[in-house]
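In: test case, fold it:
(4 chains)
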Amino acid sequence: MYALPHSRTYALPLMIIRSLFFASYRDMAGADELALELPAGARVADLVGRLRSSGGLSRMPESPVVAVNMDYAPMGTELRDGDEVAFIPPVAGG
Amino acid sequence: MYALPHSRTYALPLMIIRSLFFASYRDMAGADELALELPAGARVADLVGRLRSSGGLSRMPESPVVAVNMDYAPMGTELRDGDEVAFIPPVAGG
Amino acid sequence: MPESFALVTPDPIDPARLLGDTLSPDDGAALLFWGVVRNQNEGRPVSHLEYSAYGEMAEREMRRIADEARERFGTGAIRVIHRTGSLAIGEASVAIAVASPHRAEAYEASRYVIEQLKQRVPVWKREGYVDGDTEWVPGFTPTVREMA
Amino acid sequence: MPESFALVTPDPIDPARLLGDTLSPDDGAALLFWGVVRNQNEGRPVSHLEYSAYGEMAEREMRRIADEARERFGTGAIRVIHRTGSLAIGEASVAIAVASPHRAEAYEASRYVIEQLKQRVPVWKREGYVDGDTEWVPGFTPTVREMA
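Out: Numbering: from 1, shown residues only, chains lettered A, B, ... in the order given. Next up, the predicted model:
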């Protein structure tokens, strides 16, 4: 077995995450969707933190309901490159 | 006050009663309807007795469900001239 | 003022028209019960059903049931239509539309109307079987109240 | 094999076609829930509603709900259609058709589908008021299960 070179300072690979906004969240975002780069291993909570750090989405709740690839998913869900994360304000169908 | 002449042997005035038959009772009667003369004061039970006394309607139950002028009515209901009595086998709407 | 309406007819039932006639601008929902002819009864293949009715009384009784349901459950308008004549598999024999500002009562009222209809409305059906035979379908004996 | 079907569409819903698509020859009844736009909400006069949806997920979630209802209540096919776009008073925003060999289960299943739909399907509506104002209608926060 060879020990692979390893260091904490190595840059982590980046993922592209697509965020979708609906209804009142869309109004806050001013856009239907947004593509963001996040470091590998990022979770939904990290994405939310990034989105809430500036602009209209700072009014979004700290733990909004999200769906990852069309399944409701908790804040701790680990994201993968290419994931689609939908931000879902309280639903009012019917 | 004058006492009116009265006798039990006087003929009672007659009423015309229209009987309607539906579904299996119609099959038994061989007709949709039948007009009968009954003495004043006759009740539904008397009409049923008369109808069951001969022919196909003898197969009708002793106390069939009837409606008098479109209201369900018990066997003891007193009839009046011109009444319409419908004979109603078990219903199967829907 | 919401209304009760009942009709016995040899003509096919149009669900869009029935819903439109039943709904008022105050209503948020309508529930439509749509009873159709099945292809079998207790395993015996059915080819069609022949419905007959004491039409005038059936309409009166259906309207009464609709009134009872509206009063009991506080719905909007209720309209009930029952077909007569020969019906093919899949054709609607009965349609009950209940309009309501809110939905919970509509379910209760719709259920009430169909259960009562089956128990007391003077309508009969004869099954026509695939083998050519016909038979009156056994039904419910309406409850007759003794006079007060 | 009865099916579950779900559609999010900007086109008006045709109740006759929906019933016809849902019923099979084994079914004796269908129940159609027909949700429409009301003329007021909590006393404020409404002129129209604008529906939007996360269409693909909404269809998936409605189909799941229909599957759950069929499994739980043993009905026949269930079809769910939700409108999007601007709807006038009286227009149908949602239609749920439940076919069933017998009627009791159809009522249970229909109720289940509309209640679940309102709680978890990603659809939103904005009310347009007679005074020209618009507002997102407050809704339900879907339950998100923690990962196992």
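
In: you'd agree A:Arg18 is in a strand?
Out: Yes: assessed by DSSP: H, G, I helix; E, B strand; the rest coil, A:Arg18 belongs to a strand.

In: and the gap between it and chain B?
Out: 52 Å (CB to the nearest CB, to the nearest Å). In this view, the C-beta of every residue, glycine as well, is placed from N, C-alpha and C.

In: with C:Ala16 instead?
Out: From C:Ala16 to chain B the distance is 22 Å (CB to the nearest CB).

In: isn't that residue right next to D:Asp14, touching?
Out: Yes: judged on CB atoms under 8 Å, C:Ala16 makes contact with D:Asp14 at a distance of 7.0 Å.

In: tell me where chain A has strands.
Out: A:14-21, A:33-39, A:66-68, A:71-73, A:84-87 (DSSP state E).

In: export the ones you listed to a markdown table and tack on mean pLDDT and distance to B:Gly49?
Out: Shown next, in a markdown table, are the strands of chain A (pLDDT from 0 to 100; distance: least, CB to CB, whole Å):
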| stretch | mean pLDDT | distance to B:Gly49 |
| --- | --- | --- |
| strand A:14-21 | 97 | 80 |
| strand A:33-39 | 97 | 84 |
| strand A:66-68 | 98 | 75 |
| strand A:71-73 | 98 | 72 |
| strand A:84-87 | 98 | 77 |
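
In: residue 28: neighbour count?
Out: No chain in the question, so chain A it is. Residues lying near A:Met28 (other CB atoms under 10 Å in any protein chain shown) number 19.

In: my bad, chain C
Out: 21.

In: can you check the one 3 residues further on too?
Out: Around C:Leu31 there are 31 other residues, counting by other CB under 10 Å.

In: how near is it to chain D?
Out: 6 Å.

In: from memory that residue sits against D:Leu31, does it?
Out: Yes: counting by CB under 8 Å, D:Leu31 is a contact partner of C:Leu31 at 6.9 Å.

In: for the strands of chain A, which one sits closest to chain C?
Out: Of all the strands of chain A, strand A:71-73 sits nearest to chain C, with 24.4 Å by CB to the nearest CB.

In: which parts of the closest one count as buried, going by neighbours?
Out: Using 16 or more other CB atoms under 10 Å in any protein chain shown as the test for burial, strand A:71-73 gives A:72-73.

In: so how far is stretch C:45-58 from its chain's centroid?
Out: Here stretch C:45-58 is found 11 Å from its chain centre; the criterion is CA atoms, centre = their mean, to the nearest Å.

In: what about that stretch, average pLDDT?
Out: For stretch C:45-58, the mean pLDDT works out to 96.

In: which residues touch residue 21?
Out: With no chain named, the answer covers chain A. A:28-29, A:31-34, A:86-87 (CB atoms under 8 Å, 6 or more residues apart in numbering or on different chains).

In: wrong one, I was asking about chain C
Out: Contacts of C:Asp21 by CB under 8 Å, 6+ apart are C:5, C:79, C:97.

In: check which helix or strand covers it.
Out: helix C:15-22 (DSSP states H and E).

In: the next helix-or-strand element following that helix near chain B at all?
Out: Later in the chain than helix C:15-22, the nearest helix or strand by DSSP H and E is strand C:29-36. Yes: on the criterion CB under 8 Å from any CB of the partner chain, strand C:29-36 is in touch with chain B at C:Gly35.
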